[in-house]
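Participant: build me a structure from this.
(4 chains)
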Protein chains: 4
Amino acid sequence: MATHHRDRAVTADLRDPRTSSGGALLDLLTGHLPRVGDGARRHDRDGTFPVEVFEGLRTGGALGATVPAELGGLGVTSLHDVSLALTTVAEADASTALALHMQLSRGLTLTHEWLYGDDRARALAERLLRGMGSGEAVVCTTVKDAGGGRVVTRLRPAPDGGWLLSGRKTLASMAPIATDFVVSARVDVAGVTRSAAAVLPRRTPGLTVLDNWDGLGMRASGSVDILLEDCPVGAEDVFLRGPVGEVADAALAGQTVSSITMLGIYVGVAQAARDLVVSELTRRGGSPSAGVRTLLAEIEARLYALRTTVGSTLSVADHLAYEFDGDPAERGRRMMFDFQRAKLTVNRLAPEIVSDCLSVIGGASYSGSHPLARLYRDVRAGAFMHPFTYPDAVDWLSDATLGGAKE
Amino acid sequence: MATHHRDRAVTADLRDPRTSSGGALLDLLTGHLPRVGDGARRHDRDGTFPVEVFEGLRTGGALGATVPAELGGLGVTSLHDVSLALTTVAEADASTALALHMQLSRGLTLTHEWLYGDDRARALAERLLRGMGSGEAVVCTTVKDAGGGRVVTRLRPAPDGGWLLSGRKTLASMAPIATDFVVSARVDVAGVTRSAAAVLPRRTPGLTVLDNWDGLGMRASGSVDILLEDCPVGAEDVFLRGPVGEVADAALAGQTVSSITMLGIYVGVAQAARDLVVSELTRRGGSPSAGVRTLLAEIEARLYALRTTVGSTLSVADHLAYEFDGDPAERGRRMMFDFQRAKLTVNRLAPEIVSDCLSVIGGASYSGSHPLARLYRDVRAGAFMHPFTYPDAVDWLSDATLGGAKE
Amino acid sequence: MATHHRDRAVTADLRDPRTSSGGALLDLLTGHLPRVGDGARRHDRDGTFPVEVFEGLRTGGALGATVPAELGGLGVTSLHDVSLALTTVAEADASTALALHMQLSRGLTLTHEWLYGDDRARALAERLLRGMGSGEAVVCTTVKDAGGGRVVTRLRPAPDGGWLLSGRKTLASMAPIATDFVVSARVDVAGVTRSAAAVLPRRTPGLTVLDNWDGLGMRASGSVDILLEDCPVGAEDVFLRGPVGEVADAALAGQTVSSITMLGIYVGVAQAARDLVVSELTRRGGSPSAGVRTLLAEIEARLYALRTTVGSTLSVADHLAYEFDGDPAERGRRMMFDFQRAKLTVNRLAPEIVSDCLSVIGGASYSGSHPLARLYRDVRAGAFMHPFTYPDAVDWLSDATLGGAKE
Amino acid sequence: MATHHRDRAVTADLRDPRTSSGGALLDLLTGHLPRVGDGARRHDRDGTFPVEVFEGLRTGGALGATVPAELGGLGVTSLHDVSLALTTVAEADASTALALHMQLSRGLTLTHEWLYGDDRARALAERLLRGMGSGEAVVCTTVKDAGGGRVVTRLRPAPDGGWLLSGRKTLASMAPIATDFVVSARVDVAGVTRSAAAVLPRRTPGLTVLDNWDGLGMRASGSVDILLEDCPVGAEDVFLRGPVGEVADAALAGQTVSSITMLGIYVGVAQAARDLVVSELTRRGGSPSAGVRTLLAEIEARLYALRTTVGSTLSVADHLAYEFDGDPAERGRRMMFDFQRAKLTVNRLAPEIVSDCLSVIGGASYSGSHPLARLYRDVRAGAFMHPFTYPDAVDWLSDATLGGAKE
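Facilitator: Predicted coordinates for the structure are as follows:
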């Protein structure tokens, strides 16, 4: 494994990469940013996925960034650096960052399977990672059942020894270009209902990628539904997890790794809004009015708190993910505790920053074609990052604070 | 003039009409609300104006509500009751309320011209009011020059003794169905640049109603631009005001009457968001989680403060507009002082309420087709109500508080 | 009963009295305000009760303000006007207003007993009211058991047919000068534990008024503990209520009347802070800096929302208390619903206003002898007004909103 | 110089020392904390300085912590670690931490004089540092002129070739036990008015330490006034700075070093409030109510943002202070920019946390003897940390953001 920290952190506010591979990813992405930004308005308006951007990222190697170098990728493992990469992309377009997160975070968790899983898991992970590393595989992971969870996606045994998968998934960002899907499902094994993740190529019979994403924001993220009707899944193409409902604090680490880098997306949104304001005020010239000066100072202070909180959280997450060698349950709880506290902070500060930026710019920012109008819609997605919802976070954090043994 | 207050105010939170004519308007609107609500999603998505709704309002008499009874209208004069009517409509669709405000507030200010103006102004006002009262005239007023004010709309003398009007106006809500336009402009008279308002029928040569409204929210309000190219205007079709730049606190009264009833629109938006939440929680049943209960209590408290502040402000505005008989400059300052303080309150509370409602509902509310997604966009328009912007309000309020003589 | 409203409300923000008796009370208090203000700093520093102020109020008739005229008082019944009186006093000193509330609210609730109680209650109420009206009786009511409720104050039968009262009460504002105490207690009657309120003269054997009040703020309010050791209470000196734990929404009306006028105290605190700021900025002269102007505009807007919300709430409370003739349970729920929503608003806005005022004034306001330092401490008492605490308000309001039938 | 960072930062939230000398200071302080905490209530109530605590710190070596080892101290140079030490002390008593800051920050800036000053400055700094290192010197620095700056403290030439110092200083924390004073003053040299800092032993004729500190909070910090009446100052006992009014961004670095570690004090105050709440809820047992759970989650999230923002800021300040080798003006601007943004964040989050803690605990926390009542008063001092006031911070930050060249 690579070293995850440079000798010394000179900034702690999510500005500089901590690893050389993270730096390489940033450099690589930089060339794509103009195209990302150029299409942002159009894809937002039309709710279309920026296929051309992702084609560029794929051929340029960015989609394999978190694949180990041995398997053809850039070998980025630092959560901090992945998050920083997402911040940078989000400054140009948050939807693109959200879709990119899908691929990059999958690389991280598949690498963990490849290193520590059982034989079947290692083989399956390696196959996917090699595809991602070569640029052939684009992997969309879907966790959430459609319809508020009224229908649960399930694997059931197929006559040929494999499985049949049925259900419907929602919020499958990046699905429009995915070559493979990792679909969470429930499965009964020896009388016990367990969690599982099935891997399906896009061409699988019964798998339909809908074109139904129409969000308030993040409209170019392609977060569509996936319909699964008796899809055949090979016996070797399933990651088996523990029993459903089993409380396993150790698993909180993996859940955190899967999602925590998304915090950077909202840093990027807030930064983009702030940069627009500074650019417009500079263009206007003269001395801004009292209200504008006050808003500006508050924007700067909040953005600073946002960046340092997220940057610190990611740095510590790297340590806990890769260097901590204590109790896995403790690791899981610590990672989730940091993540959730940082997430509440992000979801308070980032929308406040964007809203204050609209107040500085005035009525022009209320036009649907103004970038701030897009940022105002995109930033509100932060509250719905998995896990948790605000009410669930209140429950989890208050329980965790009081020892978790209140019930 | 009608009596503006019932004997006693039983509620002060913008729930009950204060005048019988206001009550009649509310009753009349009630029948139209289902149609308003039914089209809200579609018109918002497509950015189209609800022509059919306004046709119904016109034939039903609602568009003449603020026209004096002598001239064929309902004779509603209470600012409180007009605002309450807009609240009620906004609960179904805020865009419709914003467009309706255009016609209703024009009735109020034209009535003032008809009662107190010079002969030409009285005649012009009466002509427009009779048209509005009979349902034939739908009057769109445009104040704001397009392009950030870089080109100023101007009247210049025409050879025939009338005027020619040129310029471009923006944010002309309800223009798609307007039969007449009241266009603010500058005019040089005897070496002095004065403000004026020119009245033009829609068919006037050189007048083009663009179809270019594409807002972050309020998408069905038809707030398009109006292009004016050497439009002929009759000598008798212009309201002449005082010199540009003249400080006239008395004029603050008219500016307040023109805009203050819009406060009710954002009360309606917040109320609609709250009602959706209560309805959804009731549907879910069971005891809500800790975070939801806390959000709900905060939503209720803020909505209450919002309704009582706006309701009180409108009641006092009615008194100042119709019964105050002191110094007109003092009246203007008091009306604007109340309006701006209430506006800051509205623009803090209403967005907080809507945002908290999204947090209660969760990810489902982030879908573009969810009503809360529309309310989240619509509510942000409140900051851009004329007058003032937030920075201008900071200047005006701090000057007013410290005596207005700081420069 | 007096008429509770002038013909028309010209302002709705707790500035003008609604009844002539309320106006008389305000006029009467005005003469005492200089003395109230003069002693505020000293009594706050030393934690002493302003005995001299209350002696003046007593001999001047203010302590009988809410006693019916037939019984020797001013006959003020309007909750709005009592609250406005407390606002006015609180602008000079909040502790004095808090202590004065004790007497004035008691007059209101005793008048209700005198009008609608059973024979014993009417006689008892009349005796107390006549004393208050003549200036001889100063009545301190104590509700809260000391020690977090671990010991409950109880009445038990005495051999002579009367009662013996034992327990310890806390937060008995105005006790230092009280001539009589109304002490809430539990009593077993015919096998049922009921609530009761026992009336005791100060000289009652076993009754000790401690000198132990040392609050963060409200330091001159004399909110001491009362020790009760086998105090004899006459059979006729007890108001008997319903069974403990009985849910009686009708009783919410009396609870509201007892406490709602305290909202005005925090309006007064916020107003005093704002007035200090404006006075200091006027003294400094020149144009304030950007941050100061913005703070000032926000202070004005919040104070306006605070005043209109509280003023409206009190106006409606007057209607519900005196003119509503529907279901008493509905009346109780409506009164408490308004009260709690207004209370949350007060406890958010008033501390924000005071805190912003400190930010305007700067380091000088951090001196213990600066009036803002006292206001910063006093304003925080608002959260602890009875009923409810913030957590209890969350429960009550969310239940009330969802129909009260969630358990 | 010592190494300022351990190899790797495992946490970024101001929890672990970054240097071994910082760790030694923390260990040393730990033994004193019980005594600090025990006296906190009493010294706060009486407004007395904890002489006995500082006598222990002095004899134990803590007062020489930031003196270089060569001069007899512990050699702590890390701003992060000094701030962490102050956080730890502030958890027991914020006033003690504020007074201790006086001595520790003086060690840091005198060390800079000793290393980089001219010969006279080096000699003077070395004399003071050796005294601090041996425990004999306790050095109080006073910057702020009393009376709102109406009288400026000045040095004027004395007949003996030295100086005479006259004026009055305020907010001289720790003065009650100081052996020496460093007094900022103005001095005319060769026709130019320059800034200077004069060093005076306590016994200097004309120097009077008043006993007039009576703050809203921080009452045990001994922040008294110093009266200076023609005090003789030796020619060699003055640090001469540049011309008054000279814009010198490089000097912002020294100003930041002098004050930035105070941020940790308010982290300690917030942490102490949070710990009290968790301890009380644990004592109560059972499942907390909805409102309490929500407050608790919000407290945790805010405290986390506070700790990570301050921790990150201090880490970067260490880098800029000791390792940055670019343009000194840029260094100064960067240090102040971080400091001011962090300070706004601290002054928003810390008071919110403490206020929410009072809401959880309820009325008991409003007693003057409850620790939360002290924390509520202490935390508000953060806004008045030098530099800047809130309005000045708005001006500085908005100018800095827009390039500093707006006038």
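Participant: buried residues, the lowest-mean-pLDDT helix or strand in chain A. List them.
Facilitator: Using mean pLDDT, DSSP states H and E, the weakest-scoring helix or strand in chain A turns out to be strand A:238-243, at a mean of 92. Of the residues in strand A:238-243, those buried by neighbour count under the rule 16 or more other Cβ atoms under 10 Å in any protein chain shown are A:Val238, A:Phe239, A:Arg241. For the C-beta atoms, the positions are set from N, CA and C on the backbone; glycine is no exception.
Participant: residues touching the spatially closest residue to A:Gly264 that is not a sequence neighbour, list them.
Facilitator: Computed as Cβ to Cβ, 6 or more residues apart in numbering or on different chains, the closest residue to A:Gly264 that is not its neighbour in sequence is A:Ser83, at 3.4 Å. A:Ser83 makes contact with A:Leu14, A:Ile260, A:Thr261, A:Met262, A:Leu263, A:Gly264, A:Val267, A:Val310, A:Leu314 under the criterion Cβ atoms under 8 Å, 6 or more residues apart in numbering or on different chains.
Participant: again, only this time at 10 Å
Facilitator: Applying Cβ atoms under 10 Å, 6 or more residues apart in numbering or on different chains to A:Ser83 gives the contacts A:14, A:22, A:97, A:101, A:104-105, A:260-265, A:267-268, A:310-311, A:313-315, A:317-318.
Participant: okay, and which of those map to helices?
Facilitator: Using DSSP state H, A:22, A:97, A:101, A:104-105, A:263-265, A:267-268, A:310-311, A:313-315, A:317-318 are the members of the contacts of A:Ser83 that sit in helices.
Participant: can you say which of these are buried?
Facilitator: Taking 16+ other Cβ under 10 Å as the criterion, what is buried in the ones in helices among the contacts of A:Ser83 is A:22, A:97, A:101, A:104-105, A:263-265, A:267-268, A:310-311, A:313-315, A:317-318.
Participant: any idea of the pLDDT on the closest residue to A:Met102 other than its chain neighbours?
Facilitator: Of all residues beyond its chain neighbours, the one nearest A:Met102 is A:Met174 (4.3 Å), with distances taken as Cβ to Cβ, 6+ apart. For A:Met174, the model assigns a pLDDT of 98.
Participant: A:Met174 against A:Arg58, yeah?
Facilitator: No. When contacts are counted by Cβ atoms under 10 Å, A:Met174 is not listed as touching A:Arg58 (11.3 Å).
Participant: of those two, who's got more company?
Facilitator: With other Cβ atoms under 10 Å in any protein chain shown as the criterion, A:Met174 and A:Arg58 differ in neighbour count, and A:Met174 comes out ahead with 25 against 20.
Participant: list the contacts of the more buried one.
Facilitator: Taking Cβ under 10 Å, 6+ apart as the definition, contacts of A:Met174 comprise A:49, A:54, A:63, A:96, A:98-103, A:106, A:138-141, A:221-224.
Participant: any idea how far it lies from chain B?
Facilitator: The spacing between A:Met174 and chain B, counted by Cβ to the nearest Cβ, to the nearest Å, is 17 Å.
Participant: how close does that residue get to A:Phe181?
Facilitator: Taking Cβ to Cβ, to the nearest Å as the measure, A:Met174 and A:Phe181 are separated by 10 Å.
Participant: list the contacts of A:Ala350.
Facilitator: Applying Cβ under 10 Å, 6+ apart to A:Ala350 gives the contacts A:263, A:265-271, A:273, A:302-303, A:306, A:310, A:375, A:378-380, A:382-383.
Participant: if we use 6 Å, what do you get?
Facilitator: Taking Cβ atoms under 6 Å, 6 or more residues apart in numbering or on different chains, we find A:Ala350 in contact with A:Tyr266, A:Ala270, A:Val379, A:Gly382.
Participant: JSON lines for these, including pLDDT?
Facilitator: JSON lines is the format used below for these (pLDDT from 0 to 100):
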{"residue": "A:Tyr266", "pLDDT": "98"}
{"residue": "A:Ala270", "pLDDT": "98"}
{"residue": "A:Val379", "pLDDT": "98"}
{"residue": "A:Gly382", "pLDDT": "97"}
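Participant: among those, which two are most distant?
Facilitator: Pairwise distances across these (Cβ to Cβ) peak at 9.7 Å, for the pair A:Ala270 and A:Gly382.
Participant: more neighbours: which of those two?
Facilitator: The residue with more neighbours, out of A:Ala270 and A:Gly382 and counting by other Cβ under 10 Å, is A:Ala270; that gives 30 against 24.
Participant: ok so A:Pro232 is a strand residue?
Facilitator: Yes. Applying DSSP: H, G, I helix; E, B strand; the rest coil, one finds A:Pro232 inside a strand.
Participant: that older thread, quick one: secondary structure of the residue nearest to A:Gly264?
Facilitator: Here A:Ser83 is helix, with the state taken from three-state DSSP.
Participant: mind listing the helices for chain A?
Facilitator: So, for chain A - with DSSP H - the helices run A:20-30, A:33-46, A:51-60, A:79-92, A:94-116, A:119-134, A:251-259, A:263-284, A:290-322, A:328-361, A:371-378, A:390-401.
Participant: quick one: which of those helices is nearest C:Phe339?
Facilitator: Closest approach to C:Phe339 among these is made by helix A:390-401 (26.2 Å; Cβ to Cβ).
Participant: got a list of what the closest residue to A:Ala85 other than its chain neighbours touches?
Facilitator: Ranked by Cβ to Cβ, 6+ apart and with sequence neighbours excluded, the top spatial neighbour of A:Ala85 is A:Leu25, at 5.2 Å. Residues counted as contacts of A:Leu25 (Cβ under 6 Å, 6+ apart) are A:Ala65, A:Leu74, A:Val76, A:Ala85.
Participant: got it, and A:Asp230?
Facilitator: Contacts for A:Asp230 were tallied using Cβ under 6 Å, 6+ apart; they are A:Leu164, A:Ser166, A:Gly206.
Participant: reformat those residues as CSV; add distance to A:Ala251.
Facilitator: Formatted as CSV, these follow (distance: Cβ to Cβ, whole Å):
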residue, distance to A:Ala251
A:Leu164, 26
A:Ser166, 25
A:Gly206, 29
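Participant: what about the nearest residue to A:Pro351 once chain neighbours are set aside, distance to B:Leu306?
Facilitator: Once its chain neighbours are removed from consideration, A:Pro351 has its nearest residue in A:Val379; the separation is 5.2 Å (Cβ to Cβ, 6+ apart). Distance check for A:Val379 against B:Leu306: by Cβ to Cβ, it reads 23 Å.
Participant: same check on A:Gly64?
Facilitator: On the measure of Cβ to Cβ, A:Gly64 and B:Leu306 end up 52 Å apart.
Participant: make CSV out of the buried residues of strand A:238-243 and add distance to chain C.
Facilitator: Converted to CSV, the buried residues of strand A:238-243 look like this (distance: Cβ to the nearest Cβ, whole Å):
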residue, distance to chain C
A:Val238, 42
A:Phe239, 41
A:Arg241, 35
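Participant: quick check, nearest of the residues you listed to chain D?
Facilitator: The nearest member of the buried residues of strand A:238-243 to chain D, counting by Cβ to the nearest Cβ, is A:Arg241 at 27.9 Å.
Participant: who's in contact with the closest one?
Facilitator: Contacts of A:Arg241 (Cβ under 6 Å, 6+ apart): A:Ser195.
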